[in-house]
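**Student:** fold the stuff below for me.
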Amino acid sequence: MADYNKLNAEIIEKLKVIAPNRVYVGEDINEDFTHDEMPIYGKFTPDAVVEALTTEEVAAVLKLCNANKIPVTTRGAGTGLAGGSTPIAGGIVLGTDKMNKILSIDEDTLSATVQAGVLLQDFYDAVAEKGLFYPPDPGQKFATLGGNVSTNAGGMRAVKYGTTRDYVRAMTVVTAKGEIIKLGANVKKSSSGYSLLHLMIGSEGTLGIITEITLKLLPAPKAQLSLIVPFEDIKAATSAVPKLLATGLNPQALEFMEDDIVRMGEEYLEREVFPKEFDGVKAKAYLLISFDGENMEKLEDVSEAASETLFDAGALDVLVADTPDRIKSAWSARDSFYPAISEATSELDECDVVVPITRLADYLEFVRSLRDKYQIRVSYFGHSGDGNTHIYFLKDNLPEEEFQKKVEAGMNDLYDKAKELGGLVSGEHGIGHAKQAYLAKSLGPVQMEIMQDIKRVFDPNYILNPGKVCYKL
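**Tutor:** Have a look, this model is predicted:
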């Protein structure tokens, strides 16, 4: 473990000079800064919170903290799900959520430059006003773009458009020593040495602090429709996915869900969205599919071709949502799943493994077996188009110690099975400190040592987000 120093009155006063009226200590620290959206991974109180407004302020804070070996944990909106923004080593939480300016939207180069604290939903709205489109679609729309980049957030549109990484052209980063560097450029390609830009993406604040980002945009699609596709069981539903993707119809989003999570979502929304029975056959699973394009006429042709493939694959029906209200209703149900699960239990733990899409049906069969093996409620849903599954162990009325034991055993089973099937530990939520052990087991010592060496080069005093991703306290 790094030999960190504690904050003292002199350093606090220097911080107050850097960020006037934006330094908080003691009882003035909001409890929200002690955890992210998964409090099961622990609450850790920092010695101080500093809310930065500019890149220069971030640089001054890091220069001061590096010289005094004070740990710094960067925090955006705190919506993470792996303990990535929790200050497990104490020290300073450096908040970037007030760095929330959209600096430019360039319609000629189809790009925008933003500060790291801009909220995803605000960015969507701003570019849409200009007829443009930012494709990455993480589930939490009130996360910051800096947080999205730091975790390489994915979301539902990744099957067609890719993840956040595919839309980052350039960024401004502050190193652990307080140096301000520019990575990448607003160009479409580069073969200019090692890509430090892409190394920074997904590094979860362990290599540097991202303060500004230049993002690629696209012209907004002119038409969209969605399909609700019921099946007799989840195996039939997920087995249909490779067949649909092989048609080249290129869905924008392709999600799977079972009937139990659909019911939870509808109870949360207090309205029914998904039909439950077809010619006397009960639907036990669904695919929710979205297509976008230049006009509705072409999308109708796409819908007909997709329907033919889906019926051949065993679909009970194909229901078309082709108006804004119908589309919104279908996808609001999907968006409700996580809050519905959270509300339906006293505590939960989650993983977001990713496996090859051709092995997804096998993986979900294994997931279901854990319910009986550990006598615990398990809910799941996910992105069938890219093999990313969100799996939740629910505490309900289990005693805390028993719940923790079941979760630990169940999580080990989940990650081991994912590796066996050719998958990885996280598809989009990141590692933080909660998933470190699973990452190390999955990747092995050589890859972990390489990542630790990279960490050492970028952050020789280990002050940046200590105890996360590859470096354990």
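**Student:** only C-alpha atoms from now on, for both contacts and neighbour counts.
**Tutor:** OK.
**Student:** ok now do residue 30, which residues does it touch?
**Tutor:** Contacts for residue 30 (C-alpha atoms under 8 Å, 6 or more residues apart in numbering) come out as none.
**Student:** if you could redo that for residue 230, that was the one I meant.
**Tutor:** Residue 230 makes contacts with 237, 283-287, 315-318, as judged by C-alpha under 8 Å, 6+ apart.
**Student:** name the SS class of it, please.
**Tutor:** Following DSSP: H, G, I helix; E, B strand; the rest coil, residue 230 is assigned to strand.
**Student:** who does the closest residue to it other than its chain neighbours bridge with?
**Tutor:** If the residues on either side of it in the chain are set aside, residue 230 comes closest to residue 286, at 4.4 Å by C-alpha to C-alpha, 6 or more residues apart in numbering. Per DSSP bridges, the residues bridged to residue 286 are residue 230, residue 257.
**Student:** pull the number of nearby residues for residue 286.
**Tutor:** Residues within reach of residue 286, counting by other C-alpha atoms under 10 Å, total 27.
**Student:** for residue 409, same thing?
**Tutor:** Quick note: residue 409 (other C-alpha under 10 Å) scores 12 neighbours.
**Student:** low-confidence ranges in the protein?
**Tutor:** 1 (pLDDT under 70).
**Student:** okay, domains of it per the record?
**Tutor:** In the domain annotation for the chain, the residue ranges read 9-98, 102-219, 223-338, 345-430 (automatic domain parsing).
**Student:** export these to JSON lines and tack on distance to residue 469?
**Tutor:** Formatted as JSON lines, the domains of the chain follow (distance: least, C-alpha to C-alpha, whole Å):
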{"stretch": "domain 9-98", "distance to residue 469": "8"}
{"stretch": "domain 102-219", "distance to residue 469": "8"}
{"stretch": "domain 223-338", "distance to residue 469": "24"}
{"stretch": "domain 345-430", "distance to residue 469": "8"}
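**Student:** nearest to residue 451, out of the ones you listed?
**Tutor:** domain 102-219 (10.0 Å; C-alpha to C-alpha).
**Student:** from one end of the closest one to the other, what's the distance?
**Tutor:** One end of domain 102-219 to the other measures 18 Å (C-alpha to C-alpha, to the nearest Å).
**Student:** residue 205 should be in a strand, yeah?
**Tutor:** No: going by three-state DSSP, the assignment for residue 205 is coil, not a strand.
**Student:** and it, its phi and psi?
**Tutor:** With angles defined as degrees, to the nearest 10, residue 205 sits at phi 70, psi 10.
**Student:** how about the contacts made by it?
**Tutor:** 73-74, 150, 464-465.
**Student:** list the helices and strands the longest helix seen in the chain packs on?
**Tutor:** Criterion DSSP state H: the longest helix present in the chain is helix 400-420. Using 3 or more C-alpha pairs under 8 Å, 6 or more residues apart in numbering; DSSP states H and E as the contact test, the elements touching helix 400-420 are helix 360-374, helix 436-443.
**Student:** buried set for that helix?
**Tutor:** Buried residues in helix 400-420, counted by 16 or more other C-alpha atoms under 10 Å: 403-404, 406-407, 410-411, 414-419.
**Student:** and what of stretch 342-360?
**Tutor:** Residues of stretch 342-360 classed as buried by neighbour count (16+ other C-alpha under 10 Å): 344, 347-360.
**Student:** how near is residue 441 to residue 190?
**Tutor:** Taken as C-alpha to C-alpha, the span from residue 441 to residue 190 is 34 Å.
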